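> Model the following, please.
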Amino acid sequence: MHAQTPCVDGYAGIYPCQNVDLLYHAGIESMAGASTNEIWGWTDSLYQKDYVIVGLSTGVRFYDISNPVQPIFLGSLPTHTSNSIWRTFRHVNNYLFIGSEASNHGMQVFDLTRLRNVTNPPVLFFEDDHYAGFGKCHTLTTIPGHPYVYACGTNTYSGGLHVVNVSNPLAPVIAGGFSEDGYIHEAQILEYHGPDADYNNRIIAFCYSGSNPPVLTIVDVTDPLDMNIISTTPYPNSSYCHQGWLTEDGGYVLMDDETDENNGLFTQTRTVMLDVHDLDAPQFMGNHLGNTAAIDHNQYIKGNLAYQSNYTAGLQILDVSNIADTSLNLVAFFDHYPVSNATSFDGEWMNYPYFSSGVVAVTDIDNGFFLLRPNFINIEAIDSVCAEQTWIMDIYIQTGFQGPFDIQLAGLPASVNYTLVWMDAMHAQLQCTNWPQLDASYTITATVIGASHRYNRSATVNTRASLQWFVDADSDGYGMGDSIFACDQPSGYVANAGDCDDSNPTIYPGAWPTASGDDNNCDGVVSQGEIAFCPDLNGDGWITMADVLICTEDYGCAGDCIADLNQDNIISVLDLLILYGNFGVQCQP
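This is a model prediction of the structure:
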């Protein structure tokens with residue numbers, strides 16, 4: 001198990017990456033000998049908690065990813081019959097429906113709300129109901145808010161659509177079937193609100209036919225008892241029409257052909273682009289060729305980004321903003337199969353990019369499953385600041401993140417005043433002043449919200465309380481008068497105040513008396529040792545070398561000493577300084 005490794009300088013640990021961080025990895029060794037296949041997500045609308053459902057050759061596993069760095073393995077639901085490398089599942093509201101290529105598997109029904117009450121994980125779950133209207137199936141698909149499950153590739157209706165009514169999820173019943181176009185490998189089915197007004201508000205299926213032959217078939221499935229082909233569209237150099245997804249404006253389809261690379265038709269990962277503005281007459285636009293030889297498998301679109309599961313190349317994220325010009329741009333990736341980018345059926349099977357948190361869950365046939373988080377912003381900030389200084393965080397938005405942008409901040413102390421300045425269209429600068437006068441640490445999070453995505457980064461800043469510094473004109477370590485506030489000592493300033501004469505280095509709090517008549521220690525009183533007198537030790541009326549010699553001979557004397565000029569009961573250099581300060585003076589005219 002590995003957790004939270006950011007993508008730095010092109011790597012997250014051992015994994016090549018760009019704009020994608022690793023949050024968590026559960027290796028295949030933790031899967032009890034099973035391989036992984038599909039992956040999907042469910043968000044509990046009651047508690048707004050996210051769950052990942054991981055398909056295995058032996059069944060499915062459920063993970064609570066409320067904390068995606070430390071997900072909780074809640075339990076497993078075993079296969080209904082035998083093991084299979086193919087497993088498929090989708091949910092309608094709070095019920096999960098599970099199919100498999102395993103013989104006589106049918107469709108399992110599982111109440112996802114049972115995940116709320118697991119107190120001692122992991123547990124072994126059992127299905128809540130079972131639908132036996134078909135045996136095997138390749139994929140299931142559903143429409144949010146609609147009470148149907150659509151099964152593709154079953155042993156009924158020539159492998160075409162088998163529609164199940166799950167209005168009562170614990171008693172599913174057949175609603176209809178579609179065999180006119182033969183085998184359907186996968187389908188995206190939705191309530192259509194796109195550019196072709198003839199079909200608005202209809203239930204439209206975009207069906208991918210495998211090799212039967214390899215075509216995109218668009219079907220009106222509004223009435224499960226009367227489903228009709230709208231169009232059938234072939235494309236050049238076809239091999240196995242595997243899966244595809246509609247752009248959010250409904251104008252284009254990106255499509256995977258799973259075996260064109262494997263059959264030598266292309267030496268780079270190919271994505272087929274189709275214009276479907278007119279559902280009756282889709283048009284082949286061209287091919288996008290990737291940067292590796294990996295086989296393409298599944299892809300999903302959210303906003304302007306296509307999240308592609310490209311086997312040995314892992315997760316690749318393409319910006320589809322310019323698809324009208326047949327231009328797709330690779331803007332992020334995470335290669336969790338770093339040993340190879342070969343044309344082989346290893347590595348990533350599938351991804352789920354629809355959690356509002358931005359977490360993307362992916363399965364790796366050979367390496368378990370990963371929780372990833374794409375992030376299209378970078379920040380730069382200093383890690384410490386003095387309380388009276390300005391702290392700056394630069395926020396850089398990466399290519400592929402589509403605006404308009406709004407920035408939300410969290411973690412700033414209430415006293416801080418901040419300004420957000422856009423330096424250019426992809427660079428904002430946060431300027432913060434008036435920090436609390438504390439030695440403290442704060443984690444500041446900037447969340448950038450775009451047209452369809454939101455990303456955040458955090459920086460930790462350590463603040464230091466500023467100190468008051470006083471001008472020390474005589475360099476005696478004490479100041480008076482003018483002062484400034486700063487964290488670091490400015491030149492010519494000291495932390496000690498209380499000097500009563502900043503022009504005399506012998507006058508400051510605690511200074512020894514100099515018998516100069518000055519208040520040396522600034523206590524407001526000229527003490528006995530500070531009273532001015534003429535230190536004529538030999539009585540000849542002059543301060544000469546003879547007096548210095550007397551003091552020197554008496555040096556170190558403690559107690560009643562003749563040369564104790566400052567009356568501190570010891571002869572020291574201070575007494576010599578008094579003599580030198582009066583040297584040559586005539587005491588008596």
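
> Could you chop this structure up by domain?
Following the assignment in automatic domain parsing, the chain carries domains at 1-31+320-375, 37-178, 180-289, 377-464.

> Which one, of the ones you listed, ends up nearest to residue 538?
Across those, residue 538 has its closest neighbour in domain 377-464 (58.2 Å, CB to CB). Glycine gets a C-beta too; all of them are placed from N, C-alpha and C.

> the helices in this protein, which residues?
545-553, 573-581 (DSSP state H).

> packing partners for the last one?
Helices and strands in packing contact with helix 573-581 are listed as helix 545-553; criterion 3 or more CB pairs under 8 Å, 6 or more residues apart in numbering; DSSP states H and E.

> Just want the angle from the helix it packs on to helix 573-581.
In this structure, helix 545-553 runs at an angle of 180 degrees to helix 573-581, with axes from the mean of the first three to the mean of the last three CA atoms, to 10 degrees as the basis.

> circling back: between the domains of the chain, which one is nearest to residue 581?
Smallest distance to residue 581 across the domains of the chain (CB to CB): 42.2 Å, for domain 377-464.

> Quick check: residue 124 touching residue 78?
Yes - in this structure residue 124 lies within contact range of residue 78 using CB atoms under 8 Å: 7.5 Å.

> if you count what's nearby, which of these two comes out ahead?
Neighbours per residue (other CB atoms under 10 Å) separate residue 124 from residue 78, with residue 78 holding more: 15 against 9.

> Identify the residues contacting that one.
Listed by CB atoms under 8 Å, 6 or more residues apart in numbering, the contact set of residue 78 reads 58, 59, 124.

> Look up how far residue 93 lies from residue 46.
Using CB to CB, to the nearest Å, one obtains 11 Å as the distance from residue 46 to residue 93.

> meant to ask about residue 209, not that
For residue 209, the distance to residue 93 (CB to CB) stands at 30 Å.

> okay, these two: which has more neighbours?
Comparing residue 209 with residue 93 by neighbour count (other CB under 10 Å), the higher total belongs to residue 209, at 26 against 14.

> what residues are up against that one?
Residue 209 neighbours (CB under 8 Å, 6+ apart): 181, 182, 183, 184, 185, 215, 216, 217, 241.

> now do 6 Å
The contact partners of residue 209, taken as CB atoms under 6 Å, 6 or more residues apart in numbering, are 184, 215, 241.

> so what pLDDT did it get?
Per-residue pLDDT puts residue 209 at 96.

> For it, grab phi and psi.
phi -100, psi 10 (degrees, to the nearest 10).

> any idea how far it lies from residue 215?
For residue 209, the distance to residue 215 (CB to CB) stands at 5 Å.

> And for residue 463?
64 Å.

> Between the two, tell me which one has more neighbours.
residue 463 (22 against 18).

> And for that one, nearest residue in space, chain neighbours not counted?
Take residue 463 and drop its neighbours on the chain: the residue closest to it by CB to CB, 6 or more residues apart in numbering is residue 435, 4.8 Å away.

> burial count for that neighbour?
Here the number of neighbours of residue 435 (other CB under 10 Å) works out to 25.

> Same question for residue 538.
Here the count is done by other CB under 10 Å, and residue 538 has 13 residues near it.

> Would you list the phi and psi of it?
Comment: the main-chain dihedrals of residue 538 come out as phi -100, psi 0, following degrees, to the nearest 10.

> okay, the closest residue to it other than its chain neighbours: pLDDT?
Closest residue to residue 538 in three dimensions, ignoring its sequence neighbours and counting by CB to CB, 6+ apart: residue 546, at 5.1 Å. What the model reports for residue 546 is a pLDDT of 86.

> My guess is residue 546 contacts residue 537. True?
No - the pair residue 546 and residue 537 does not pass the contact test of CB atoms under 6 Å, sitting 7.7 Å apart.

> Could you check the helices of the chain and tell me which one is nearest residue 103?
Residue 103 sits nearest to helix 573-581 of all the helices of the chain, at 104.4 Å, using CB to CB.

> any chance of the domains of the chain in a markdown table, plus distance to residue 481?
Below are the domains of the chain laid out as a markdown table (distance: least, CB to CB, whole Å):
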| stretch | distance to residue 481 |
| --- | --- |
| domain 1-31+320-375 | 51 |
| domain 37-178 | 56 |
| domain 180-289 | 68 |
| domain 377-464 | 20 |
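
> Which member of the contacts of residue 209 is positioned nearest residue 203?
Comparing every one of those with residue 203 (CB to CB), the shortest separation belongs to residue 184, at 15.3 Å.

> From what I see, that closest one and residue 160 are in contact.
Yes - taking CB under 6 Å as the definition, residue 184 is a contact partner of residue 160 at 5.3 Å.

> So if I had to pick from the two, which one is more boxed in?
Applying other CB under 10 Å to residue 184 and residue 160 shows that residue 184 carries more neighbours, namely 30 against 25.

> So, low pLDDT: which residues of the stretch 351-500 of the chain?
Residues of the stretch 351-500 of the chain that meet the criterion pLDDT under 70 are absent altogether.

> who's residue 109 bridged to?
residue 97, residue 129 (DSSP bridges).

> ok, the nearest residue to residue 515 once chain neighbours are set aside to residue 44 distance?
Leaving aside its chain neighbours, residue 515 sits nearest to residue 578 (5.1 Å; criterion: CB to CB, 6+ apart). Distance from residue 578 to residue 44, counting by CB to CB: 87 Å.

> So which of these two has more stuff around it?
Comparing residue 578 with residue 44 by neighbour count (other CB under 10 Å), the higher total belongs to residue 578, at 23 against 16.

> what residues are up against that one?
Shown here is residue 578, whose contacts under the criterion CB under 6 Å, 6+ apart are 514, 515, 535, 565.

> any idea which of those is least confident?
Summarising pLDDT for the contacts of residue 578: the lowest-scoring member is residue 515, with 71.

> Count the residues that sit near that one.
With neighbours defined by other CB under 10 Å, the count for residue 515 comes to 24.

> distance of it from residue 504?
Counting by CB to CB, the separation of residue 515 from residue 504 is 14 Å.
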